[in-house]
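S.K.: what follows is a predicted protein model with its sequence.
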Amino acid sequence: MDGDVCADPDLRALDARLRWLLTSHGERVAPGSTFIEPDEAWFSRRNQCAFQSDQRRCLAGAYAERRHLADALQPPPAPAVHGSCGTGFPGVRLAIGSDSVAAYDDQGRIIALGALQAQPVWREYVSVRRSAKEVRFTTIDGATIRCSLQKAR
């Protein structure tokens, strides 16, 4: 799959950006978060695109998912939504975008990140369901965390 990424200028540029962001801002990911896929696991899943009939769409979906992480690693915007995610994270900030949701702990580290819309061919590590009162993050393995939403302070 690396050859396919290197042959595509857009994927190659995104791959380089992701590598730089994860190296330079990796401390912004909460250690051991179940709801952030580790790099090694993501690369392993990305390599499974080699077995898909539409490898290009699979890779595009894989990188679209990782782009959400790259975006979330940037200094978070002033989140409009505060919430509580289970007993372990009583005071989170949620950045709700048009295609993804990121949850940040009180130290500004990402504790959960997921896509609001599924990509064709590629299955996201974390999917998100949002209602007026909560955001629910669910991993590919079925682990779930629910964040109740509060009005902005």
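M.R.: Nice, I can see it. From a predicted model like this one, the values you see are computed outputs, not experimental measurements.
S.K.: the spatially most central residue of the chain bridge partners, please.
M.R.: Note on the chain: the residue nearest the mean C-alpha position is L113, at 3.9 Å, using Cα atoms, centre = their mean. Per DSSP bridges, the residues bridged to L113 are A102.
S.K.: any idea how far V126 is from it?
M.R.: 6 Å (Cβ to Cβ, to the nearest Å). Every residue, glycine included, has its C-beta placed from N, CA and C.
S.K.: common neighbours of these two, please.
M.R.: F35, I36, F137 (Cβ atoms under 8 Å, 6 or more residues apart in numbering).
S.K.: go through those and flag which are in strands.
M.R.: Among these, DSSP state E puts F137 in strands.
S.K.: just put the shared contacts of L113 and V126 in a markdown table and tack on neighbour count.
M.R.: As requested, those are exported to a markdown table (neighbours: other Cβ atoms under 10 Å):
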| residue | neighbour count |
| --- | --- |
| F35 | 22 |
| I36 | 23 |
| F137 | 23 |
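S.K.: hang on, the earlier thing: right, and the residue nearest to the centre of the chain touches G97 too?
M.R.: No: the pair L113 / G97 is not scored as a contact, 10.4 Å apart, by Cβ atoms under 8 Å.
S.K.: show the contacting residues for the residue nearest to the centre of the chain.
M.R.: Contacts of L113 (Cβ under 8 Å, 6+ apart): F35, I36, H68, L69, A72, S100, V101, A102, A103, V126, F137.
S.K.: can you pick the most crowded of those?
M.R.: Ranked by the number of neighbours (other Cβ atoms under 10 Å), the contacts of L113 place A103 first, at 29 neighbours.
S.K.: next up, the contacts around that residue.
M.R.: Contacts of A103 (Cβ under 8 Å, 6+ apart): 35, 83, 85, 89, 92-94, 110-113, 135, 137, 147.
S.K.: and the residues you listed, which is closest to D54?
M.R.: The closest of the contacts of A103 to D54 turns out to be L113 (Cβ to Cβ; 25.1 Å).
S.K.: helices of the chain, start to end?
M.R.: 2-7, 9-25, 39-47, 55-73 (DSSP state H).
S.K.: residue ranges with poor pLDDT in the protein?
M.R.: 1-5, 75-80, 87, 90, 151-153 (pLDDT under 70).
S.K.: go with 90
M.R.: 1-33, 38-40, 43, 55-57, 59-60, 63-100, 105-109, 115-121, 132, 149-153 (pLDDT under 90).
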